[in-house]
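# Predicted model follows, preceded by the sequence.
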Amino acid sequence: MSTLLEIQSRFAAGVFQGSDGILSDLEDDGRQAARFEVYRNNTHASILEVLADAFPTIRTLLGEGLFTRLVTAFIRHAPSRANHLLDYGAELPDFIALSEPLADRPWLVDIARLDWARNAAYGAGEAAPMGADALQGLAADVLLALRPALVPSATLLHSDWPIHAIWMNADAMAESSIAPRSEAVLVARPAMQVQTSLLHPAEHALLRTLQDGGTLGEAAVAAQQTDPGFDLMTAFAGHLSAGNFTHRRNEETEEE
Amino acid sequence: MKNTSIKSLSVAAALMGAVGMAAALAPVDAVAADKVKCYGISKAGQNDCANKAGTHSCAGQSTVDYDGGEWKLATAAECEAKGGQQTAFDGVNEKAKG
């Protein structure tokens, strides 16, 4: 007599590993294998739909057939440990990176990270944005010493591949070969909409420095070192008014 | 901060200018504060996948063998070379058409 836990374990193994050790536990009506397949296939079809929704660009670039095979392999490799499906798929970019059949399309890894960043931004926490009005009237040295954080939904991505262009034109990119060209992207959901913005290299340096905990002054210098002609004022104003910054927790505003 | 003194005037001016510019662009706090997060609308349909997929996959995929071992043989080029008809995935292809 099996315990419930043992039966559940065999059932899960049957669903995800394809072992049919569960069949002897099922009522023998001659069709138990077919009945179990229905359950297993529903599970896989559901996860396939979830991941197709989370990775729309990957799905477009691979086409449905190859995407299905990727997901099928991924489910076996990394079954869901999340308690709801919105959180499932975070490991897919790394899985793609290890996939031999996809090694000739190295941009897919960063595209998968972009898709996942967008998916994760939907459900990410929110924080009160740092408003321009709160910064107005600050003395220059106070402003330079501020350490704004990016909002919780923000992901900075930097790739050797033109990930923003590929993401924008996935349909046209599916069959073409892609030349390496570095691009950086900010994904963030400052309010209701997930924003995916192509970043100037200096803008990326600015935001990366802030994300790493640097001061506004350090970030501005990093941006200007990347490109002395960079329009720092417009870029910072844009991110500030978009609501991409928030106050860092435990911020030492009194440190001066 | 120890390195405040080395910051160029232009950086400080640019940042202070940006604050003024941003203040003129949009009142950020007002935008975010009057909205609530409504769970379940941004990614419609994900949680009813099982029901939605149920009839479909039962009908179309009951013969599908989900053996991921086929994956290594299944680049797009190789699949095409073999006529793209690995019997294991007939069901999925039908679904794609339907």
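Thanks, I have the structure now.
# list the buried ones in stretch A:168-184?
Neighbour-count burial for stretch A:168-184, counted by 16 or more other C-beta atoms under 10 Å in any protein chain shown, picks out A:Ala170, A:Met173, A:Ile178, A:Glu183, A:Ala184. C-beta coordinates here come from the backbone N, C-alpha and C atoms, glycine included.
# Show me where chain B dips below the pLDDT cut-off.
Counting by pLDDT under 70, chain B contains low-confidence residues at B:1-8, B:26-98.
# ok so, going back, so which of the buried residues of stretch A:168-184 is the closest to chain B?
A:Met173 (13.9 Å; C-beta to the nearest C-beta).
# Would you enumerate the residues in contact with the closest residue to that closest one other than its chain neighbours?
Nearest residue to A:Met173, sequence neighbours excluded (C-beta to C-beta, 6 or more residues apart in numbering or on different chains): A:Ile166, at 5.0 Å. A:Ile166 sits next to A:Thr57, A:Leu61, A:Trp107, A:Ile111, A:Met173, A:Ile178 when contact means C-beta atoms under 8 Å, 6 or more residues apart in numbering or on different chains.
# Compile the residues you listed into JSON lines and extend it with columns for secondary structure and pLDDT.
Formatted as JSON lines, those follow (DSSP: H, G, I helix; E, B strand; the rest coil; pLDDT from 0 to 100):
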{"residue": "A:Thr57", "secondary structure": "helix", "pLDDT": "97"}
{"residue": "A:Leu61", "secondary structure": "helix", "pLDDT": "95"}
{"residue": "A:Trp107", "secondary structure": "helix", "pLDDT": "95"}
{"residue": "A:Ile111", "secondary structure": "helix", "pLDDT": "97"}
{"residue": "A:Met173", "secondary structure": "helix", "pLDDT": "83"}
{"residue": "A:Ile178", "secondary structure": "coil", "pLDDT": "89"}
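# If we only consider the residues you listed, which is nearest to A:Arg189?
Nearest to A:Arg189, judged by C-beta to C-beta, of these is A:Thr57 at 17.5 Å.
# The closest one and A:Ile111 touch, don't they?
Yes: in this structure, A:Thr57 is within contact of A:Ile111 by C-beta atoms under 8 Å, at 5.3 Å.
# so can I have JSON lines of the contacts of A:Ile166 showing distance to A:Thr155?
Formatted as JSON lines, those follow (distance: C-beta to C-beta, whole Å):
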{"residue": "A:Thr57", "distance to A:Thr155": "15"}
{"residue": "A:Leu61", "distance to A:Thr155": "20"}
{"residue": "A:Trp107", "distance to A:Thr155": "17"}
{"residue": "A:Ile111", "distance to A:Thr155": "13"}
{"residue": "A:Met173", "distance to A:Thr155": "21"}
{"residue": "A:Ile178", "distance to A:Thr155": "21"}
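# Which residues in stretch A:151-159 does the neighbour count mark as buried?
In terms of neighbour count (16+ other C-beta under 10 Å), stretch A:151-159 has its buried residues at A:Val151, A:Ser153, A:Ala154, A:Thr155, A:Leu156, A:Leu157, A:Ser159.
# which residues sit against it?
For stretch A:151-159, using C-beta under 8 Å, 6+ apart, the contacting residues are A:107, A:110, A:113-114, A:117, A:120-121, A:124-127, A:129, A:150, A:163, A:182-190, A:194, A:199, A:204, A:207-208, A:211, A:243-246.
# and chain B, which of those residues reach it?
A:Glu126, A:Pro129, A:Pro190, A:Gly243 (C-beta under 8 Å from any C-beta of the partner chain).
# Shouldn't the third one be within a strand?
Right, the one you point to is A:Pro190. No: looking at A:Pro190 with DSSP: H, G, I helix; E, B strand; the rest coil, it is coil, so not inside a strand.
# Leaving out sequence neighbours, find the closest residue to it.
A:Gly243 (3.4 Å).
# Next, count neighbours for the one you found.
By the measure other C-beta atoms under 10 Å in any protein chain shown, the count of residues near A:Gly243 is 25.
# low-scoring pLDDT stretches of chain A, where are they?
For chain A (pLDDT under 70), the answer is A:1, A:19-20, A:250-256.
# Can you show me the helices along it?
Here chain A has its helices, by DSSP state H, at A:4-17, A:32-54, A:56-77, A:92-97, A:107-123, A:132-135, A:140-145, A:163-168, A:170-173, A:201-211, A:216-226, A:232-242.
# With distance to B:Leu25 added, can I get the buried residues of stretch A:151-159 in TSV?
Listed next are those as TSV, based on distance: C-beta to C-beta, whole Å:
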residue	distance to B:Leu25
A:Val151	17
A:Ser153	20
A:Ala154	19
A:Thr155	24
A:Leu156	22
A:Leu157	25
A:Ser159	29
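# count of residues packed around A:Phe16?
Neighbour count for A:Phe16, taken as other C-beta under 10 Å: 20.
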